[in-house]
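J.: Predicted coordinates and the sequence they were generated for:
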Amino acid sequence: MTEGGVRNALADKSEGGLRAIPGKKNPVIVEHAEALRWLKGRRGFVPSPSGASDDLFLSEQLQATQTAEGLGRIIGRRLWDSFGSPSKAAEALSWSLYDIETWEKGRQVFDMEQALQLAKAIDVDGPLFVGKALELTLRRDFSNTLGG
């Protein structure tokens with residue numbers, strides 16, 4: 001939104017207007033709950049996710065991923081976001097660094113329990129992640145069996 005749009009909303013005294021905290025003039029301060037109430041009424045508003053599991057763009061990216069390597073790139077980014085390094089992720093999951101690396105490189109042997117544990121650790125939708133991991137592992141293995 002433009003600054004002018006926010007100023008207009010603050011000047012709107014109707015029920016739909018944006019309300020600042022009284023007495024706070026420079027800068028004007030709006031409470032989080034009030035800002036969220038007002039923003040939800042705006043056309044096209046998409047709230048920021050509070051976590052990866054709420055991130056619609058991440059879910060869409062998972063659904064659209066076509067290769068085990070592509071899934072591995074998503075996993076790698078989420079592991080860094082969640083743990084700060086592959087070794088810390090391995091430690092937190094009680095996995096070997098090799099296990100982490102196979103998932104990051106798309107070379108994992110599919111294990112449903114391991115996939116579910118990984119989904120939980122990187123805070124993504126479990127059934128979506130496990131299903132996508134199984135699909136992409138099968139596609140990769142089938143392609144390798146056919147030689148290409």
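T.: Received the coordinates, thanks. What you are looking at is a predicted structure, and each value in this text was computed from that prediction instead of being measured. Residues are numbered from 1 along each chain as shown.
J.: Domain ranges for this protein, per the record?
T.: The record's domain split for the chain, according to automatic domain parsing, is 3-40, 52-145.
J.: can you give me how far the shortest one is from the chain middle?
T.: Just to be clear, that refers to domain 3-40. Offset of domain 3-40 from its chain centre (CA atoms, centre = their mean, to the nearest Å): 29 Å.
J.: how about it: buried residues?
T.: The neighbour-count criterion (16 or more other CB atoms under 10 Å) identifies Ala9, Leu18, Ala20, Val30, Ala35, Trp38 as the buried residues of domain 3-40. (Glycine included, C-beta is placed from N, CA and C.)
J.: Do you have the helices of the protein handy? List them.
T.: 3-11, 32-40, 56-64, 68-83, 86-93, 97-104, 112-121, 126-145 (DSSP state H).
J.: Nearest to Val46, out of the ones you listed?
T.: helix 56-64 (7.4 Å; CB to CB).
J.: who does that closest one touch, helix- and strand-wise?
T.: Helix 56-64 is packed against helix 68-83, helix 126-145, with contacts defined by 3 or more CB pairs under 8 Å, 6 or more residues apart in numbering; DSSP states H and E.
J.: helices and strands around the last one, which ones?
T.: Read that as helix 126-145. helix 56-64, helix 68-83, helix 112-121.
J.: Comparing the ones you listed, which comes out most buried?
T.: helix 68-83 (a mean of 18; mean count of other CB atoms under 10 Å).
J.: any idea of the mean pLDDT in that one?
T.: Helix 68-83 shows a mean pLDDT of 93.
J.: Centre of the chain to it, how far?
T.: Worked out by CA atoms, centre = their mean, helix 68-83 lies 11 Å from the chain centre.
J.: just stretch 67-77 next, same as before
T.: Worked out by CA atoms, centre = their mean, stretch 67-77 lies 13 Å from the chain centre.
J.: what do you get for stretch 86-102?
T.: So, by CA atoms, centre = their mean, the centroid of stretch 86-102 is 20 Å from its chain's centroid.
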